[in-house]
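>>> Fold the following.
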Amino acid sequence: MKSLIIIPARYGSTRLPGKPLKEIAGQTMLSRVVDIARAGTQTHENVEIVVATDDERIIAHCEEINVRAVMTPVECPSGTDRALAAVTALQAKGYEGDPDFVLNLQGDAPMTPPDFIGAMLDAFKAEPHSDVLTPVTQMTWQQLDDLREAKKETPYSGTTAILDKEGFAIWFSKHIIPAVRKEEKWREKLEKSPVYRHIGIYGYRYEKLKEYVTLNATLYEELEGLEQLRALENGFKMKCVIVDYKGRPSMSGVDSPIDIERAEALIAKHGEIVQ
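Alright, predicted model coming up:
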């Protein structure tokens, strides 16, 4: 099985220009994500890590940190489109054949635990006919309480998922799903809540990646603002890979100077993600 981990890294950002090259605790954001990918693939064979960018400054930085990089169009509408453009660019430079699996690891996610990457690779190896894979984590009751509080201020933060009995996604929403009636009873009965929180990493069977980028945006995708609903609305089978933070800090993408400060505070408190 041949796998590619594509790290989209655009230079332009409205809130944080030059975002991939911004330093977090003395190390660039992009180099942190590359280290995460390397750590997550140490025990896996036939995996290549490639940065997909639109700027020569990032190409130069990739040479400094010894990771392969390719130029992709500035106008790619999403990280998923940029991932496919990166595969095309690699093939033009001599990459032989097609990859079986393409994992899209966002270049602004420097707090991603490396074992999440390994879990995604293992899951695809176990079920290579899955169309898309994405990680989810089962929330504790306290984490569910915290999410509810957060949504009072930022109602569209945090995405939750419903899984079928085989672990494939039924639905995702910015609302908290499922609703829990008679919650006090379930808190006594279940050690963890029945709510799964989605983590925004996607891996695609290569043929399905090519199909996905040809599809138009769908109604529920636009209503919820969730790109994975386009896949579900078009009948893709999306495997949810259950992962555990194991007490490590949880943080989504870094999009602003305040996010950098938050990431640095988490690193100071909990230590480096990659030891």
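>>> all helices for this protein, in order.
In the chain, the segments counted as helices under DSSP state H are 29-40, 56-64, 79-92, 114-126, 141-153, 183-189, 206-212, 219-224, 228-233, 257-270.
>>> among those helices, which is the most enclosed?
helix 29-40 (a mean of 23; mean count of other CB atoms under 10 Å). Backbone N, C-alpha and C define where each C-beta goes, glycine included.
>>> re earlier: indicate which one of the helices of the chain is closest to residue 8.
The closest of the helices of the chain to residue 8 is helix 79-92. By CB to CB, the value is 4.1 Å.
>>> tell me what that closest one is packed against?
Counting contacts by 3 or more CB pairs under 8 Å, 6 or more residues apart in numbering; DSSP states H and E, helix 79-92 packs against strand 3-9, strand 47-53, strand 68-71, strand 101-104, strand 202-205, helix 206-212.
>>> what would those look like in TSV with distance to residue 151 and mean pLDDT?
Shown next, in TSV, are these (distance: least, CB to CB, whole Å; pLDDT from 0 to 100):
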stretch	distance to residue 151	mean pLDDT
strand 3-9	28	95
strand 47-53	33	96
strand 68-71	38	96
strand 101-104	26	97
strand 202-205	23	96
helix 206-212	29	96
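>>> I'd like to know which of those lies nearest to residue 59.
strand 68-71 (5.1 Å).
>>> Contact partners for the closest residue to residue 164 other than its chain neighbours?
Distance criterion CB to CB, 6 or more residues apart in numbering; nearest residue to residue 164, sequence neighbours excluded, is residue 170 at 5.5 Å. By CB atoms under 8 Å, 6 or more residues apart in numbering, residue 170 lies in contact with 161, 162, 163, 164.
>>> Report the beta-bridge partners for the first one.
Beta-bridge pairing of residue 161, defined through DSSP bridges, involves residue 172, residue 196.
>>> just checking, it touches residue 174?
No: under the criterion of CB atoms under 8 Å, residue 161 is not in contact with residue 174, lying 11.3 Å apart.
>>> How about the contacts made by the residue most central in space within the chain?
Geometric centre of the chain, nearest residue: residue 201, 1.8 Å, by CA atoms, centre = their mean. Listed by CB under 8 Å, 6+ apart, the contact partners of residue 201 are 103, 104, 105, 106, 109, 112, 116, 117, 120, 134, 135.
>>> Next one: the third one from residue 171, what distance?
The reference is to residue 105. Using CB to CB, to the nearest Å, residue 105 is found at 24 Å from residue 171.
>>> Also residue 56?
In terms of CB to CB, residue 56 sits 42 Å off from residue 171.
>>> OK, contacts around the closest residue to residue 9 other than its chain neighbours?
Leaving aside its sequence neighbours, residue 9 sits nearest to residue 107 (CB to CB, 6+ apart; 3.6 Å). Taking CB under 8 Å, 6+ apart, we find residue 107 in contact with 7, 8, 9, 10, 19, 20, 29, 30, 33, 51.
>>> Per-residue pLDDT of the residue lying closest to the fourth one once chain neighbours are set aside, please?
Ranked by CB to CB, 6+ apart and with sequence neighbours excluded, the top spatial neighbour of residue 10 is residue 54, at 5.6 Å. Listed pLDDT for residue 54 reads 91.
>>> Residue 54 is in contact with residue 12, isn't it?
Yes: counting by CB under 8 Å, residue 54 sits close enough to residue 12 to count as a contact (7.4 Å).
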